[in-house]
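Engineer: coords please:
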Amino acid sequence: MSESTIIYTHTDEAPALATYSLLPIVAAFARTAGVSVTTRDISLAGRILATFPDFLLEGQRIADDLAELGEEVNRPEANIIKLPNISASVPQLKEAIAELQSQGFAVPNYPDEPSTDQEKEILARYKKVSGSAVNPVLRQGNSDRRAPLSVKNYAKSHPHSMGAWSAESTTRVAHMSTGDFYSNEESLTMTSADSLTIELIDAQGSATTLRAPLVVKESEVIDATKMDVAALRTFLSDQIATAANLDVLFSVHLKATMMKVSDPIMFGHVVTSFFPTTFAKYGEQLVSAGLRANDGLAGIFAGLDALSNGAEIRASFTQELASGPALAMVDSSKGITNLHAPNDVIVDASMPAMIRTSGHMWNAAGDEADTLAVIPDQSYATIYQVVIEDCQRHGAFDPTTMGSVPNVGLMAQAAEEYGSHDKTFEIAHAGTVRVTNSSGAVVFSMAVAAGDIFRMCQTKDVPIRDWVKLAVSRSRLSGDPAIFWLDENRAHDAQLIKKVSSYLTELDTTGLDIQILSPARAMAQTLERVRRGLNTISVTGNVLRDYLTDLFPIMELGTSAKMLSIVPLIAGGGLFETGAGGSAPKHVEQFLKQNYLRWDSLGEFLALASSFEHLAQRTGNARAQALADTLDRATGRFLDEDRSPGRKLGTIDNRGSHYYLAQYWAQELAHHEDGALASSFAPVADALTLNEDKILAELLAVQGESLDIGGYFHPNPQLAREAMRPSSTLNVIIDAL
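Structural biologist: From the prediction side, this is the model:
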């Protein structure tokens with residue numbers, strides 16, 4: 001790929017729709033600087049099609065763009081704009097498969113219980129495209145996430161709503177204190193490169209290989225741990241009873257999309273624990289019918305009509321729902337509970353939303369209520385309890401005065417839990433999980449019971465060194481203190497603390513305030529500074545990076561989608577992410593019903609400016625730097641004049657916001673000191689300005705009517721393009737560039 005090329009990813013749902021409108025503008029402006037913008041398809045549908053070429057007709061086969069990008073990120077010229085994509089749960093995967101099949105793509109069904117070698121091979125392929133399939137491939141560098149100054153200033157002058165907290169609030173977090181991943185974790189640093197084997201040994205000494213070979217490098221940190229399912233079920237039963245006794249909502253907060261092996265299993269245990277009578281009586285029948293608790297109540301309810309006693313089973317669920325504690329709702333108006341789907345309540349988004357809403361979630365009547373938030377593993381659950389107690393003492397955070405919490409995240413080369421998927425297993429029978437090296441020596445040995453969840457993680461040394469270096473660099477550039485969120489009492493963190501302490505001595509930290517604190521202490525200190533309007537850099541592992549870069553931006557900015565998210569790739573290139581916060585399925589639902597897209601592309605604007613700047617610095621392309629500088633100024637004006645999508649019909653939506661960005665960007669370029677560049681954009685700026693009323697009229701005219709774009713996961717490109725570019729006047733001006 002040329003050094004003057006920017007790769008723009010085609011993803012899913014609202015970001016994918018927005019791309020049909022924004023990308024023609026970006027590509028047209030970029031061409032004036034000799035920069036080409038190409039796309040690569042990493043959508044869920046695209047990943048499925050690329051994975052099963054042998055099931056498709058020749059004309060239906062597509063390239064494996066994700067694999068290509070996996071090679072690109074290891075090249076120094078890499079420059080990639082990464083939009084949010086679906087981290088598919090099994091229910092989402094099945095929906096996408098069904099849609100593709102309806103469109104004539106003969107991809108195979110998802111085999112829940114594979115019995116043949118072919119079904120096992122198909123399941124293995126699907127597992128490679130589900131959950132967090134994209135991020136471990138692309139994130140070959142550590143993460144630098146922060147709120148841009150223009151966005152922060154806008155939030156201060158236009159504060160979003162924050163729910164009031166009461167000292168009488170009974171909201172709290174519940175987590176396990178024994179038997180969880182945290183309690184059982186063992187960790188060590190490899191003294192040499194090796195190849196490991198994971199086996200399950202039964203009572204008779206027979207071994208079943210779970211994973212081999214597992215290649216590890218010298219100085220790499222490796223972990224092994226388990227979730228004791230008996231302890232988990234006892235904990236869940238206790239918390240269900242506690243929620244009933246306290247008269248608060250019961251809710252569970254997991255990350256079944258990213259932790260795609262372990263967390264759906266834990267979610268299934270929550271479902272069966274909440275409905276013990278129903279599953280004791282009908283559980284085997286439901287499993288035989290392919291209705292799995294791991295997929296949530298929605299999947300079970302959808303399949304009950306096909307059972308002869310389906311009405312009886314549904315009545316049993318209804319009875320237990322009425323007699324148990326009140327269950328937190330995802331959508332009260334539609335009866336969608338906290339347990340309907342494993343991907344509906346994702347901890348890093350759901351907990352900040354609860355904290356922002358006075359510590360409340362919604363009950364079946366649509367009313368707010370105090371909540372018992374159940375986060376089984378204690379590794380990170382403690383940070384949310386600290387936030388809740390802080391709000392109960394001091395009230396809600398004030399967006400007009402609160403400080404900021406940038407993050408430097410350790411994530412390169414599938415670090416920590418997010419790289420555990422191919423080393424996570426639901427144990428088939430009691431015995432011992434034994435990890436041995438190439439010489440047969442035992443590295444880890446752990447007794448397990450049937451149903452326990454065993455997990456291994458890897459964290460390579462090069463990313464750790466790079467992470468420490470990036471943290472020191474950000475602290476020096478910003479002048480803000482940095483805290484490494486590491487717990488000396490957790491086995492993995494204890495290994496990292498040794499490395500961090502050593503690598504800090506190799507760097508110039510003169511005059512810098514750099515600490516290592518446990519997550520709970522780090523959160524308490526950070527919150528104290530936040531309330532005084534002071535900034536503190538959080539330096540965290542991969543999971544905490546996700547949690548904090550949703551939590552603090554939602555408090556500060558009202559959304560995590562407005563964060564600047566840069567991944568300086570270890571090989572020298574740049575990956576520019578367009579904010580956190582998911583891909584907004586509800587926005588797509590509204591778009592299809594009303595031809596109105598509320599998705600805010602501000603994250604793309606911020607990422608693009610950084611991408612152009614990176615390209616300019618790498619290649620000496622002055623015009624690319626001009627595009628970066630003018631886009632920054634245009635984005636500031638965009639915020640000042642409140643050109644983000646509105647909330648209702650009759651106001652500008654995503655397409656209108658793109659028009660205004662194009663107008664402001666062209667106006668900035670028309671006054672640039674580069675005379676040739678200015679003369680190129682002067683007529684564009686004039687045309688966009690003089691035709692404002694006409695363009696807005698064309699954009700608004702299409703609102704209110706439902707539309708069909710040929711698919712949800714895999715829309716027809718022509719229909720989607722026509723829907724997202726309804727202004728012929730705007731199209732002529734942009735395309736003429």
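Engineer: going forward, measure contacts between C-alpha atoms and count neighbours the same way
Structural biologist: Noted.
Engineer: what sits against Ile355?
Structural biologist: Contacts were defined as Cα atoms under 8 Å, 6 or more residues apart in numbering; by that measure Ile355 touches Ile388.
Engineer: Please identify which helix or strand holds it.
Structural biologist: Assigned by DSSP states H and E, Ile355 belongs to helix 347-356.
Engineer: Not counting its neighbours along the chain, what's nearest Ser404?
Structural biologist: Leaving aside its chain neighbours, Ser404 sits nearest to Asn535 (4.7 Å; criterion: Cα to Cα, 6 or more residues apart in numbering).
Engineer: That neighbour: what secondary structure?
Structural biologist: coil (DSSP: H, G, I helix; E, B strand; the rest coil).
Engineer: That one is in contact with Ala482, isn't it?
Structural biologist: No: using Cα atoms under 8 Å, Asn535 makes no contact with Ala482, being 9.3 Å away.
Engineer: Looking at the two, which has the bigger crowd around it?
Structural biologist: Using other Cα atoms under 10 Å, the more surrounded residue of Asn535 and Ala482 is Ala482, with 26 against 21.
Engineer: Dig out what the more buried one forms beta bridges with.
Structural biologist: Ile514, Ile537 (DSSP bridges).
Engineer: What ranges does the stretch 51-200 of the chain have for its helices?
Structural biologist: All helices of the stretch 51-200 of the chain, identified by DSSP state H, counting those that start in this stretch, fall at 65-72, 90-102, 117-129, 135-138, 149-157, 181-184.
Engineer: The stretch 401-550 of the chain now?
Structural biologist: With DSSP H, counting those that start in this stretch, the ranges of helices along the stretch 401-550 of the chain come out as 461-478, 491-505, 519-531, 542-556.
Engineer: Identify the residues contacting the longest one?
Structural biologist: Spelled out, it's helix 461-478. Contacts for helix 461-478 (Cα under 8 Å, 6+ apart): 141-142, 218-221, 408-413, 415, 481-482, 499-500, 503-504, 507, 509, 512, 537, 539, 570.
Engineer: from those residues, which would you call buried?
Structural biologist: Taking 16 or more other Cα atoms under 10 Å as the criterion, what is buried in the contacts of helix 461-478 is 141-142, 219-221, 408-413, 415, 481-482, 499-500, 503-504, 537, 539, 570.
Engineer: sorry, back to before: run through the residues that contact the residue nearest to Ser404.
Structural biologist: Neighbour list for Asn535: Gly403, Ser404, Val405, Pro406, Asp480, Pro481, Arg529 [criterion: Cα under 8 Å, 6+ apart].
Engineer: And Ala33, by the same measure?
Structural biologist: With contacts defined as Cα under 8 Å, 6+ apart, Ala33 is in contact with Asn621, Arg623, Ala624, Leu627.
Engineer: just Asp180 next, same as before
Structural biologist: Asp180 touches Lys226, Met227, Asp228, Ala231, Leu232, Pro376, Asp377, Gln378, counting by Cα under 8 Å, 6+ apart.
Engineer: elements contacting the lengthiest strand in the chain?
Structural biologist: Using DSSP state E, we find that the single longest strand of the chain is strand 207-216. Under the contact criterion of 3 or more Cα pairs under 8 Å, 6 or more residues apart in numbering; DSSP states H and E, strand 207-216 touches strand 194-201.
Engineer: neighbouring strands for the strand it packs on, and are they parallel or not?
Structural biologist: Strand pairing for strand 194-201, determined by DSSP bridges: strand 207-216 (antiparallel), strand 431-436 (antiparallel).
Engineer: Point out the most buried one among the ones you listed.
Structural biologist: strand 431-436 (a mean of 21; mean count of other Cα atoms under 10 Å).
Engineer: Now that one: average pLDDT?
Structural biologist: Averaging pLDDT along strand 431-436 yields 98.
Engineer: Distance from the chain centre to that strand, please.
Structural biologist: Centroid separation for strand 431-436 versus its chain: 32 Å, with Cα atoms, centre = their mean, to the nearest Å.
Engineer: contacting residues around that strand?
Structural biologist: Residues outside strand 431-436 that contact it (Cα under 8 Å, 6+ apart): 196-203, 442-449.
Engineer: let's see it at 10 Å
Structural biologist: Outside strand 431-436, the residues that touch it by Cα atoms under 10 Å, 6 or more residues apart in numbering are 195-212, 214, 224-226, 427, 441-450, 454, 456.
Engineer: What subset of the residues you listed is buried?
Structural biologist: Buried by 16+ other Cα under 10 Å: 196-202, 207, 210-211, 214, 224-226, 427, 443-446, 448-449, 454, 456, out of the contacts of strand 431-436.
Engineer: measure Ile85 to Ile42 for me?
Structural biologist: Small correction: residue 85 is Asn, not Ile. 8 Å (Cα to Cα, to the nearest Å).
Engineer: residues shared between the contacts of the two?
Structural biologist: With Cα under 10 Å, 6+ apart, Asn85 and Ile42 have common neighbours Thr9, His10, Thr11, Asp12, Ala133, Val134.
Engineer: So how do I select the buried members of those in PyMOL?
Structural biologist: Buried residues among the shared contacts of Asn85 and Ile42 (16+ other Cα under 10 Å), as a PyMOL selection:
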select buried, resi 9+10+11+12+133+134
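Engineer: Could you check how far stretch 282-297 is from the centre of its chain?
Structural biologist: Put simply, stretch 282-297 sits 28 Å off its chain's centre (Cα atoms, centre = their mean).
Engineer: Show me which residues of it are buried.
Structural biologist: Of all the residues in stretch 282-297, those buried under the rule 16+ other Cα under 10 Å are Gly283, Leu286, Leu291, Arg292, Ala293, Asn294, Asp295, Gly296, Leu297.
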